[in-house]
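Asker: Sequence first, then the predicted structure, then my questions.
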Amino acid sequence: MAEDYILETRDLTKEFKGFAAVQGVDLKVRRGSIHALIGPNGAGKTTCFNLITKFLQPTRGTILYNGADITSAKSADIARLGMVRSFQISATFLHLTLLENVRVALQRQLGTALHFWRSESSLDVLNDRAMELLEDVGLGGYATQTAAELSYGRKRALEIATTLALDPELLLLDEPTSGMGREDIGRTADLIRRVSKDRTVLMVEHNLSVVSDLSDIITVLSRGEILAEGPYSEVSKNPEVVEAYMGTGLEANHG
Ligand SMILES: Nc1ncnc2c1ncn2[C@@H]1O[C@H](COP(=O)(O)OP(=O)(O)OP(=O)(O)O)[C@@H](O)[C@H]1O
């Protein structure tokens with residue numbers, strides 16, 4: 001049976017003044033999987049994400065989403081197609097409550113459905129859905145607090161709730177545990193596992209313990225190119241990968 005890929009890149013390449021930050025990348029993300037993109041600093045992970053989400057235009061190559069060529073699509077079109085990148089914390093409204101923050105995200109998604117706003121009961125529906133999303137990310141008990149009052153880890157969870165409000169089919173997570181302490185890392189990993197149940201997750205993540213726990217498939221980038229791909233058990237034993245990570249404790253980081 002043919003594999004079902006939600007996202008595919010072919011020969012994806014981005015050059016900055018002749019320097020190839022991403023070169024000839026053929027990435028295949030299987031529907032329903034948690035797929036991690038890892039690699040040493042400067043490997044091209046962020047550039048890849050920026051290309052996929054159309055923040056950057058590739059120098060050459062093709063990007064297919066659900067089989068459709070989105071290489072020339074606009075960044076704003078991508079979310080409508082079901083591919084959503086986790087918001088940066090700066091997109092959170094600190095003076096609003098958590099419930100209001102999620103409601104804003106839901107309203108954004110429903111923005112064009114004007115008829116929806118005509119009835120009072122539709123606002124209740126919105127509140128109920130916002131509450132559900134907060135509960136999904138473990139923030140049900142904080143709904144009436146302002147975002148400013150949250151710990152760093154919980155702000156990141158709120159960011160995931162506002163992202164889920166857009167009901168993504170493919171969720172792109174940008175270093176979801178960066179800057180977190182051990183407890184928040186564990187909570188975030190559980191959250192990612194939970195929200196991945198009925199969607200695909202592609203994440204750039206530096207914490208290899210999180211990567212090994214969560215990922216079905218790992219793509220290792222090095223100097224803009226794919227160095228290895230497979231489950232963590234294979235990839236972490238690959239001598240080229242170990243060498244690329246030399247001194248960064250690829251094995252030591254695990255567990
Ligand atoms: N706008 C740009 N102009 C010039 N060079 C760039 C630009 N963006 C990225 N680069 C270069 O491309 C390479 C890949 O960068 P990128 O940020 O994609 O790597 P990364 O794997 O995300 O690294 P990190 O783990 O440190 O975030 C780096 O050498 C970087 O200096």
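Answerer: Structure's in. What do you need?
Asker: I192 should be in a strand, yeah?
Answerer: No. Read with DSSP: H, G, I helix; E, B strand; the rest coil, I192 is helix and lies in no strand.
Asker: Nearest residue to it in space, please, no chain neighbours.
Answerer: L214 (5.9 Å; CB to CB, 6 or more residues apart in numbering). All C-beta atoms are positioned from the backbone trio N, CA, C, and that covers glycine.
Asker: and what of G24?
Answerer: Using CB to CB, 6+ apart, the closest residue to G24 is D11 (5.2 Å).
Asker: The ligand versus the one you found, what's the distance?
Answerer: Using CB to the nearest ligand atom, to the nearest Å, D11 is found at 17 Å from the ligand.
Asker: Partner strands of the longest strand anywhere in the chain and their direction?
Answerer: Assignment by DSSP state E gives strand 5-16 as the longest strand of the chain. In the sheet, strand 5-16 lines up against strand 19-25 (antiparallel), strand 28-30 (antiparallel), strand 60-65 (antiparallel) (DSSP bridges).
Asker: Restricting to C-alpha, output stretch 84-97 in PDB.
Answerer: Output of stretch 84-97 as PDB, limited to C-alpha atoms (Å, rounded to 0.1, in the frame of the first residue of the first chain):
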ATOM      1  CA  VAL A  84      -0.800  25.800  11.600                       C
ATOM      2  CA  ARG A  85       2.400  26.800  13.200                       C
ATOM      3  CA  SER A  86       2.300  27.300  17.000                       C
ATOM      4  CA  PHE A  87       2.100  30.900  17.800                       C
ATOM      5  CA  GLN A  88       5.000  32.600  19.500                       C
ATOM      6  CA  ILE A  89       4.300  33.800  23.000                       C
ATOM      7  CA  SER A  90       4.300  37.400  21.700                       C
ATOM      8  CA  ALA A  91       1.000  36.600  19.900                       C
ATOM      9  CA  THR A  92      -0.600  36.000  23.300                       C
ATOM     10  CA  PHE A  93      -2.600  38.900  24.700                       C
ATOM     11  CA  LEU A  94      -1.100  39.300  28.200                       C
ATOM     12  CA  HIS A  95      -3.800  41.600  29.600                       C
ATOM     13  CA  LEU A  96      -6.700  39.200  28.500                       C
ATOM     14  CA  THR A  97      -7.800  36.200  30.400                       C
END
